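A.B. asks: Give me a model of this one.
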Amino acid sequence: MRSIPRTESFPAHTPAVSQVFTTVLSHGPLTRLEVARRTGLSAAAVTKAVRPLMEAGYLAEGADQDAPPALGRPANLVRVDGGRALFIGVKVTGDEIIAVLADLCCRLRVARHVPLTDHDPKAVLASIADLAQELRIEADELGIRMLGLGLAVSGDVDRGEGVVRYSPFLDWRDVPLAELAAMTTGLPVTVDNDVRALTVAEQWFGAGAGLTDFAVVTVGAGIGCGLVVHGQVVAGAHGVAGEIGHVVVDPAGPLCHCGNRGCVEAIAGDAAILTRVREVTGVQVADTAEALALAHRGDAGAREVYARAGEAIGRGIATVVNLFGPERVIISGEGLAAYDLFAEQIRDSFTAAAFGSAARCDVHTRPLPFDQWARGAAATAIQSFIRAAD
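C.D. replies: As a prediction, the model looks like this:
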């Protein structure tokens, strides 16, 4: 829900304009011929779509200065002018708020981190508003217009309504975050689940660019999954598609906070690993960093806990691959700090559980700091801005 009127609209008067722009955004710079090939549009349709975008300053065209010398004039390339607009992306974790200023190509200009000591929505909104004001000052100094704010929160998030239905790490239920943030910042606001936001960034600007079917699996405090099917990020009818953290891989396993036993998250989430390491080693490690250090020092019990976590993650990934058949699975999240301890188990359990040719899926690790999760939130704001005119 975006209750604040936009001060500027993206000049996408036809679906072809949006299609051309997002193609250049993800794959550019490109020649017009290449844009036509990638979009399936005629050369005339590409020219017609490019014209309003260039007139409004969103696209620019020029010779490829990096092309090797050749006879004749160098080919002109169409590219997005990243400096045409700026967007704010905010990732809210259980103990920190990360905010970034990103240009239209989702390149980070500025990043800010502030601790989060109070989970009350009013307190969180006040911090977001303060960060947004700081970043608007940065944008003013750059002389570039700010056109949107994206917020990324873990849990069950209804992007269409802009409501956080349930966020376990914040203990939020039915918070109309988009409406409240729009009122406090004066910006058009997009709210999405943090893993889906990261998936949007990977689809347009990262390891998923050019793929029509892929998944992003995040490992850390929770186990999340973002899905792209036929080129679309999938939320599902109830907004919780991809919840592999609550796929049961061991019916006799530990109790999960969702009420079931043996969920992937109940075995491989940070809290589960920390609890289990304390149980099997008798060492009262204070946090995941200490648990990880204990395992790296060779403690057999701690290493077994991480190995079991890897098996659970591998089975969860196999479930995704068997159901949706993605070309690639991108594993990310802060839990990759332990990747050397469970990489083999992820690979082996995935291979064992994947059906037939699904085992050929490219499982790709991509460590990303929380700044990149905030960048994902900015990507959702860019996406909303571009699609608002559709």
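A.B. asks: Can you say which helix or strand has A252 in it?
C.D. replies: In the assignment (DSSP states H and E), A252 maps to no helix and no strand.
A.B. asks: how near is Q383 to A201?
C.D. replies: Q383 is 10 Å from A201, where distance means C-beta to C-beta, to the nearest Å. No exception for glycine: its C-beta is placed from N, CA and C like everyone else's.
A.B. asks: okay, those two: which has more neighbours?
C.D. replies: Between Q383 and A201, counted using other C-beta atoms under 10 Å, the more crowded position is A201 (31 against 24).
A.B. asks: What's the first helix or strand after the helix or strand hosting the more buried one?
C.D. replies: Assigned by DSSP H and E, A201 belongs to helix 194-205. Remark: after helix 194-205, the chain's next helix or strand is strand 214-219, criterion DSSP H and E.
A.B. asks: Now do that following strand: which elements does it pack against?
C.D. replies: helix 194-205, strand 223-229, helix 300-324, strand 328-332 (3 or more C-beta pairs under 8 Å, 6 or more residues apart in numbering; DSSP states H and E).
A.B. asks: about what we covered before: centre of the chain versus the helix holding A201, how much separation?
C.D. replies: With C-alpha atoms, centre = their mean, to the nearest Å as the basis, helix 194-205 stands 3 Å off its chain's centre.
A.B. asks: Alpha carbons only: can I get that helix in CSV?
C.D. replies: The C-alpha trace of helix 194-205 is given here as CSV (Å, rounded to 0.1, in the frame of the first residue of the first chain):
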residue,chain,number,x,y,z
ASP,A,194,13.8,-9.8,3.3
VAL,A,195,14.6,-13.0,1.4
ARG,A,196,12.3,-12.1,-1.5
ALA,A,197,13.8,-8.6,-1.6
LEU,A,198,17.3,-10.2,-1.8
THR,A,199,15.9,-12.5,-4.6
VAL,A,200,14.8,-9.4,-6.6
ALA,A,201,18.3,-8.0,-6.4
GLU,A,202,19.8,-11.2,-7.5
GLN,A,203,17.3,-11.5,-10.4
TRP,A,204,18.0,-8.1,-11.8
PHE,A,205,21.6,-7.3,-10.6
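A.B. asks: any weak-confidence spans in the stretch 151-300 of the chain?
C.D. replies: 238-240 (pLDDT under 70).
A.B. asks: so where do the strands sit in it?
C.D. replies: Counting by DSSP state E, counting those that start in this stretch, the stretch 151-300 of the chain has strands at residues 156-158, 163-167, 172-175, 189-193, 214-219, 223-229, 232-234.
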